[in-house]
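Asker: Give me coordinates for this.
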Amino acid sequence: MWDGVRNFQARNNLRIMKKGDSVLFYHSGKNPGIVGLAEVVKEHYPDPTAKEGDWSVVNVKPIRKFKRLITLQEIKQNSDFKDMYLIRSSRLSVQPVKQDEYNLILQLEQVKA
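Answerer: Numbering: from 1, shown residues only. I've put the predicted structure just below:
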């Protein structure tokens, strides 16, 4: 269960996720970047951890860990990602990714950093 999302824009992005959608799993800590793939297995429903407000969760399952971390710095330095939402708002926990961006991330995984 992907819970604890407390940003309206991120919540709305959770709500448009569909069962079977692929998810790029991103770590935002000390060394931010994309670490793997997951899949939505249950569409949005009320967040049982929310004490108040209209918050949602989705259920995801891990698919695989990437062979290497695709760092935020690497993404920022690649002009093919200049319009990627992640570049404009790297702190938003749930955000859309265009199909061409997704495909390029998968290609980058194969390239040694």
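
Asker: residues of the helix or strand containing residue 14 that come out buried?
Answerer: Using DSSP states H and E, the element containing residue 14 is helix 8-15. Counting neighbours by 16 or more other Cβ atoms under 10 Å, one finds that the buried residues in helix 8-15 are 10, 11, 13, 14. Using the backbone N, CA and C atoms, a C-beta is placed for each residue, glycine as well.

Asker: quick one: contacts for residue 63?
Answerer: Contacts for residue 63 were tallied using Cβ atoms under 8 Å, 6 or more residues apart in numbering; they are 22, 36, 37, 38, 39.

Asker: repeat that for 6 Å
Answerer: The contact partners of residue 63, taken as Cβ atoms under 6 Å, 6 or more residues apart in numbering, are 37, 38, 39.

Asker: list the contacts for the last one?
Answerer: Counting by Cβ under 6 Å, 6+ apart, residue 39 makes contact with 61, 63.

Asker: any idea which of the contacts of residue 63 is the one closest to residue 77?
Answerer: When the contacts of residue 63 are compared for distance to residue 77 (Cβ to Cβ), residue 37 wins out at 22.4 Å.

Asker: looking at it, residue 66 is touching residue 110, isn't it?
Answerer: No: in terms of Cβ atoms under 6 Å, residue 66 does not count as a neighbour of residue 110; the distance is 9.9 Å.
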